[in-house]
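S.K.: Provided below for reference: sequence and predicted model.
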Amino acid sequence: KALADKKDSWVIILADHQKNEENTSDLHFASALKDGSQSTVKDTVAYEALYETLSVAVADEFGLVCTPKSERYPLKKKNAAYHLQRMGLESNIFVLRLSTQLVNFEENKLVVAMRIAQVVSQQLDDGKGIWADDVKDFAIPAFGFVEKDEA
């Protein structure tokens, strides 16, 4: 609550979803109730820019598909964003649902996660959140899947 209690704060809740015949997207954005009302995002301009930029980046670089905001998974009572909004917080809160296929089975999942983090940082904090030490290990072949030799 302390991190989210500022008007310019952003809270991104990560969750997962199952891909199937009806739900073929890799990422879902959710920031509103089922009827589209009561958005948990106050800065809709920045949110739209994030959605557009991230959708294009993951499509172009990884062939992943984003579903339009709150189309498939609206916020419900069991969702943390729903409860944070009900607490009267003034921040920007949304849910980013990644497919279990991407999270559990894709070899490049950590590279995708890093790219998502870069886009989020670029869009929401002018790129201040990514440091050289955060990306240096990505030059290692098969990053995240090979144990490092113990010296």
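M.R.: Nice, I can see it.
S.K.: From residue 120, how far off is residue 53?
M.R.: Plainly put, residue 53 is 9 Å away from residue 120 if you go by Cβ to Cβ, to the nearest Å. Just so you know, the C-beta spots here come from the backbone N, C-alpha and C atoms, and that holds for glycine as well.
S.K.: if you count what's nearby, which of those two comes out ahead?
M.R.: Per other Cβ atoms under 10 Å, whichever of residue 53 and residue 120 has more neighbours is residue 120, with 18 against 14.
S.K.: dump the residue contacts of the more buried one.
M.R.: The contact partners of residue 120, taken as Cβ atoms under 8 Å, 6 or more residues apart in numbering, are 12, 50, 54, 129.
S.K.: what's the most distant pair in the residues you listed?
M.R.: Taking Cβ to Cβ, the two most distant members of the contacts of residue 120 are 54 and 129; they sit 14.5 Å apart.
S.K.: neighbour count winner among these two?
M.R.: Per other Cβ under 10 Å, whichever of residue 54 and residue 129 has more neighbours is residue 54, with 22 against 13.
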